[in-house]
Each structure stands twice: as C-alpha cells, then as structure tokens.
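A.B. asks: Let me see the structure of the following:
(chains A and B)
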Number of protein chains: 2
Amino acid sequence: MELNNQLGNNIRWTTAEKKAARRAFDRALDSHLEEIIEEAKGRMAKVNDPSDLWELEAYLTASRKVVNRIYQFRESRLFTVFSNLMSDGRLKEEDLVGLHPDKIERIKRSAEAFRSVSEFQ
Amino acid sequence: MELNNQLGNNIRWTTAEKKAARRAFDRALDSHLEEIIEEAKGRMAKVNDPSDLWELEAYLTASRKVVNRIYQFRESRLFTVFSNLMSDGRLKEEDLVGLHPDKIERIKRSAEAFRSVSEFQ
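C.D. replies: The predicted model follows:
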C-alpha cells in the first residue's frame, strides 16, 4: 500500500487520460510484439538442427510470459506499468501526451528510480 | 507384463541387432525432426501477428513433447517403439534390415494391430 502511494497507483485518471494512456500502452505493446516477431523470424532463419529449434521455442515461451506480465492495462497499475516501460526504453515522454503533467512527472521520476535500482541488480 | 510379453518387450536383442535398431531408430528420429523443422519454418514464414507466433510456440512445445515421448531407445521398449513408428508410417520393413526375421514379423504384426486400434479412435 505504501509503495502504491509512492507510485501514485491510487490516483484517479480522467476519461481523456485513460484514452491517451491506452494509446501509449497499445503502441508500446505493438512495438514490443513486433520486435519479438522480428527476432523470432531471424532465429528461425538460422535454425539448422533441433537444438536451435528448442532454443527458439524457449525464447518464444519466455517472451510470451514477459509480455503477459508487463502489459496489464488496469488503472490501479498504470503508473507502475508506464514507469517500467519508460525505464526499459519502451516508452518516451512524448508518448504520454494527453496525461496531466503531474502524472508524466511522476512516471518519469519512478522510471528513473527503477533504472537506478536495476543498475544495482 | 502380459502386454509386454505380447509385444515381445522381454525378448533379448543381440549386439548386432541393437546396432541395426539404433540405426533405424536414429533415421526415424532424424527424419521426424527434419519434418518438424520444415513445418516450423513454413509456419514462421506465414507469421503476421502475435497470435500466429503463439500458435507456432504451441506447435513447437507439442512437437517436442511428442518426440520425447515416442523416441526412447531402451531395449525393453524397442518392440513398442518400432511398432508405433511403423504404424505411423515413420518406419518401413526395409529399415529393419539386420534384425532377426522373427522380430521384424512381430513388429509388423503389432504395427498392424496399432493401426486397427487407432482407426477406431
């Protein structure tokens, strides 16, 4: 609960903001999925023996799980989701046009914090 | 145990027969794996959206499990394995050159029996 407060996950979003958020979310998801498809096609082109194929299978399974874990569009999770996406370089400030500047600031701050944490991991 | 007796899974194999069996087994396995790789490459070429990709992932997982289940080179299982492969069209009589004719006959009979059973399924 304390962490949710810090991340702002209990702050309300207006209808217009939710629409803008949905657009940013879908764009990040689509581009992530395109990357995975491109990577998978590249790996498949290099498949020569069964072990390459099972490695590709493992890559697909892991990618599907990552996508399912990251991309959850729930109002109560949006700050966390966007901060993570920004800290991974999958979302830029300009993608968030339409959100209240306070929200954008909060997302940027958390993204920065996530980045510093992940540097120590 | 009764079924094992019927299938001949408790009959001994000479060293020369085991060598011939290994050759037939490896050939069937290699050709099965090649088929899977070819099918997977064909499917990947047609991947347009993420759902195609996750279907391909499911195909790979299922194929890996089938291969692991079918191809177990243990003397006590060879009759069952070869009969199944023959009933699936993955092994021909001429692939079994080097086995005692009684063994080949037994494998053919069981393959025929498996085929009739699977027709009713």
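
A.B. asks: Am I right that residue A:11 falls within a helix?
C.D. replies: No: with DSSP: H, G, I helix; E, B strand; the rest coil as the criterion, residue A:11 is coil rather than part of a helix.

A.B. asks: Which strands or helices does the helix or strand harbouring residue A:117 pack on?
C.D. replies: Applying DSSP states H and E as the criterion places residue A:117 in helix A:101-119. Helix A:101-119 is packed against helix A:2-7, helix A:78-87, with contacts defined by 3 or more Cβ pairs under 8 Å, 6 or more residues apart in numbering or on different chains; DSSP states H and E. The C-beta positions use only the backbone N, C-alpha and C, and glycine is treated the same way.

A.B. asks: And for the last one, what's in contact with it?
C.D. replies: When you say that, I think you mean helix A:78-87. Outside helix A:78-87, the residues within contact range by Cβ atoms under 8 Å, 6 or more residues apart in numbering or on different chains are A:7-9, A:11, A:13, A:21, A:24-25, A:28, A:70-73, A:91-93, A:96, A:103, A:106-108, A:110-115, A:118.

A.B. asks: tell me the angle the longest helix seen in chain A makes with helix A:101-119.
C.D. replies: Counting residues, the longest helix found in chain A (DSSP state H) is helix A:15-45. Relative orientation of helix A:15-45 versus helix A:101-119 (axes from the mean of the first three to the mean of the last three Cα atoms, to 10 degrees): 30 degrees.

A.B. asks: now helix A:15-45: how far from the chain's centre is it?
C.D. replies: Relative to its chain's centre, helix A:15-45 lies at 9 Å (Cα atoms, centre = their mean, to the nearest Å).

A.B. asks: From the contacts of helix A:78-87, list just the buried residues.
C.D. replies: A:7-9, A:11, A:13, A:21, A:24-25, A:28, A:70, A:91, A:96, A:103, A:106-108, A:110-111, A:114 (16 or more other Cβ atoms under 10 Å in any protein chain shown).

A.B. asks: re earlier: worst mean pLDDT among the helices and strands packed on helix A:101-119?
C.D. replies: Ranked by mean pLDDT, the helices and strands packed on helix A:101-119 end with helix A:2-7 in last place, scoring a mean of 59.

A.B. asks: What is the longest helix of chain A packed up against?
C.D. replies: Using 3+ Cβ pairs under 8 Å, 6+ apart: helix A:15-45 touches helix A:50-70, helix A:78-87, helix B:15-45, helix B:50-70.

A.B. asks: Sweet, I'm off.
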